[in-house]
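1. Any chance you could fold what I've pasted below:
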Amino acid sequence: MSASDPVYWEPFESRFITDPYPVYARLREEAPLYYNQKHDFYAASRFDDVARGLQDWRVFSSAKGDILELIQSGFEMPPGTVIMEDPPSHDVHRKLLARMFTPKRIADLEPKVRAYCARALDPLTGADRFDMMQALGAELPMRVIGMLLGIPEADQPAIRDASDANLRTEDGQRMKVRPQAAFGNEGIASYIAWRRDHPGDDIVTALLNTEFTDTDGTRRTLTYEEVLTYASVVGGAGNETTGRLISWMTVVLARHPRARREISADFSLVPGAIEELLRYETPSAFIGRYVTRDTEFHGQTVPAGSAILFIAAAANRDPRRYDDPDTFDIRREIRQPLTFGYGTHYCLGAALARLEGRIAMEEILTRFPDWDVDWAGARLAQTSTVRGWETLPVIVG
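-> Predicted coordinates:
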């Protein structure tokens, strides 16, 4: 695509996964409200427009899903998806799910997460090359979700693989909508069914037994199906996004060795570096919504019944928001990046993702202060939901 051609963008073609930022820049300047006729969706790419859309749940509804293919499928979301609900049911279910992500529970995970990173990385000490995704990026997120839910470690890889398979696409192809796979992971289902008959001191037992007041005023506990939906959504979302964060950590620090050396020498820079990574290479690049009534962006109308994508990755590099946004700066002052959404649906797992990212960066740099990527063997994952690396061989030293 040349600069003289009309700007074109879609989430399905690999050319827009490899390096989407030149197109994002054109969208922000030439088509801040963009319409894709081929796939029948709108897109917003400027920071203020994305923030406006994500916080206005009345106009931009999550009730039909937050992925374009789901929104357009007409599938009716099961109760308990939380990220795919609107108030008031969203607020009731979010309050229950928030039990998984209290500050104390997150803090209590730190020694366990650090121990797992050490266990995964120590055997590689002295190696001259290894695959960072195989060693840590593809493993750590599901292990942490397993720690939260109490799922036995031996069962976790199968749960992760099923979740990954549900999101994979082919170049130029849309994700196949398989609602049962998205909201009813078989491995998680088996565990919840077992835990229902064998209660313990864990979150799943608490979710199965905690009473709450529903939107109609009745007091009840969650159904088995609702708990399954909760756990499957948490497992899928946490697995994909945090794994991609670790992949971008590896790639960006390889491309910025000076920043890597600075962080290695001073771990107080790690939290800021994680924030900048989340802005600079946003794993969940775009967030879908269903438009409930006619609304305007930049003098153009988005009709009721449309699907719209809010491109968080483009918004996070909007020069109206950030100076020199295409530069990776570990000392940048980050002001509310849209990486984890905004408003009512702000990601419940944001603090957990930051914890995992911080610990992974510290543990990697402690053992491997210098590396490069073997680009010939590196491969980006093909999905229409998240952006990151599937294979990532690194050369150490």
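2. so where's the protein shaky on pLDDT?
-> Within the chain, the segments meeting pLDDT under 70 span 1-3, 80, 158-175, 177-185, 236-238.
3. By residue count, tell me the biggest helix in it.
-> If you go by DSSP state H, the chain has its longest helix at helix 224-255.
4. and after it, which helix or strand comes next?
-> helix 257-265 (DSSP states H and E).
5. helices or strands next to that following helix in the packing?
-> Applying 3 or more C-beta pairs under 8 Å, 6 or more residues apart in numbering; DSSP states H and E, one finds that helix 257-265 makes contact with helix 224-255, helix 270-280, helix 350-367. Where you see a C-beta, it was placed from the backbone N, CA and C, and this is true even at glycine.
6. got the contact list for stretch 195-214?
-> Applying C-beta atoms under 8 Å, 6 or more residues apart in numbering, the contact partners of stretch 195-214 are 92, 95-96, 99-100, 148-150, 191-192, 219-222, 224, 227, 230-231.
7. Which of those fall in helices?
-> Mapping these onto helices (DSSP H) picks out Val92, Lys95, Leu96, Leu148, Leu149, Tyr191, Ile192, Tyr224, Val227, Tyr230, Ala231.
8. now the longest helix of the chain against helix 257-265, angle please.
-> With axes from the mean of the first three to the mean of the last three C-alpha atoms, to 10 degrees defining the directions, helix 224-255 sits at 110 degrees from helix 257-265.
9. hmm, back to that, make TSV from the helices and strands packed on helix 257-265 and add distance to Gly53 and mean neighbour count to it.
-> Listed next are the helices and strands packed on helix 257-265 as TSV, based on distance: least, C-beta to C-beta, whole Å; neighbours: other C-beta atoms under 10 Å:
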stretch	distance to Gly53	mean neighbour count
helix 224-255	20	23
helix 270-280	18	21
helix 350-367	19	21
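10. out of those, nearest to Trp375?
-> Proximity to Trp375 (C-beta to C-beta) singles out helix 224-255 among the helices and strands packed on helix 257-265, at 9.4 Å.
11. Tell me how far the residue most central in space within the chain lies from Arg195.
-> By C-alpha atoms, centre = their mean, the chain has its centre lying nearest to Thr241, at 3.2 Å. Thr241 is 25 Å from Arg195, where distance means C-beta to C-beta, to the nearest Å.
12. what's the answer for Thr221, then?
-> With distances taken as C-beta to C-beta, Thr221 is found 14 Å from Arg195.
13. same question, Ala353
-> 25 Å.
14. which residue ranges form the helices in the stretch 101-250 of the chain?
-> Assigned by DSSP state H, counting those that start in this stretch, the stretch 101-250 of the chain shows helices spanning 103-121, 132, 140-149, 156-167, 179-183, 186-197, 203-209, 224-255.
15. Columns distance to Ala265 on top of those helices, output as a markdown table?
-> Listed next are the helices of the stretch 101-250 of the chain as a markdown table, based on distance: least, C-beta to C-beta, whole Å:
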| stretch | distance to Ala265 |
| --- | --- |
| helix 103-121 | 20 |
| helix 132 | 21 |
| helix 140-149 | 24 |
| helix 156-167 | 34 |
| helix 179-183 | 44 |
| helix 186-197 | 42 |
| helix 203-209 | 38 |
| helix 224-255 | 13 |
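16. first to last residue in stretch 366-375, what's the distance?
-> 23 Å (C-alpha to C-alpha, to the nearest Å).
17. just stretch 32-39 next, same as before
-> Distance between the two ends of stretch 32-39: 18 Å, counting by C-alpha to C-alpha.
18. What residues sit buried inside that stretch?
-> Residues Pro32, Leu33, Tyr34, Asn36 are the ones in stretch 32-39 that count as buried (16 or more other C-beta atoms under 10 Å).
19. From Ala206, how far off is the second one?
-> The reference is to Leu33. Distance, Leu33 to Ala206, by C-beta to C-beta: 44 Å.
20. For Pro393, state which of the ones in helices among the contacts of stretch 195-214 is nearest.
-> Pro393 has its nearest neighbour among those in Leu148, at 30.2 Å by C-beta to C-beta.
21. got the contact list for the closest one?
-> Each residue near Leu148 by C-beta under 8 Å, 6+ apart is listed here: Met100, Arg105, Leu109, Ile203, Val234, Leu352.
22. State the distance from it to Leu348.
-> 11 Å.
23. Mutual contacts of the two, please.
-> Met100.
24. how much space between the closest residue to Ser247 other than its chain neighbours and Gln55?
-> Take Ser247 and drop its neighbours on the chain: the residue closest to it by C-beta to C-beta, 6 or more residues apart in numbering is Trp389, 3.7 Å away. From Trp389 across to Gln55, the span is 31 Å (C-beta to C-beta).
25. count of neighbours near the closest residue to Gly146 other than its chain neighbours?
-> What sits nearest to Gly146 in space, not counting adjacent residues and going by C-beta to C-beta, 6+ apart, is Gln156, at 4.5 Å. When neighbours are counted by other C-beta atoms under 10 Å, Gln156 registers 23.
26. From Gly235, how far out is Gln156?
-> Distance, Gln156 to Gly235, using C-beta to C-beta: 9 Å.
27. Residues in contact with both of those two, list them for me.
-> Taking C-beta under 8 Å, 6+ apart as the contact rule, Gln156 and Gly235 both touch Met142, Ile145.
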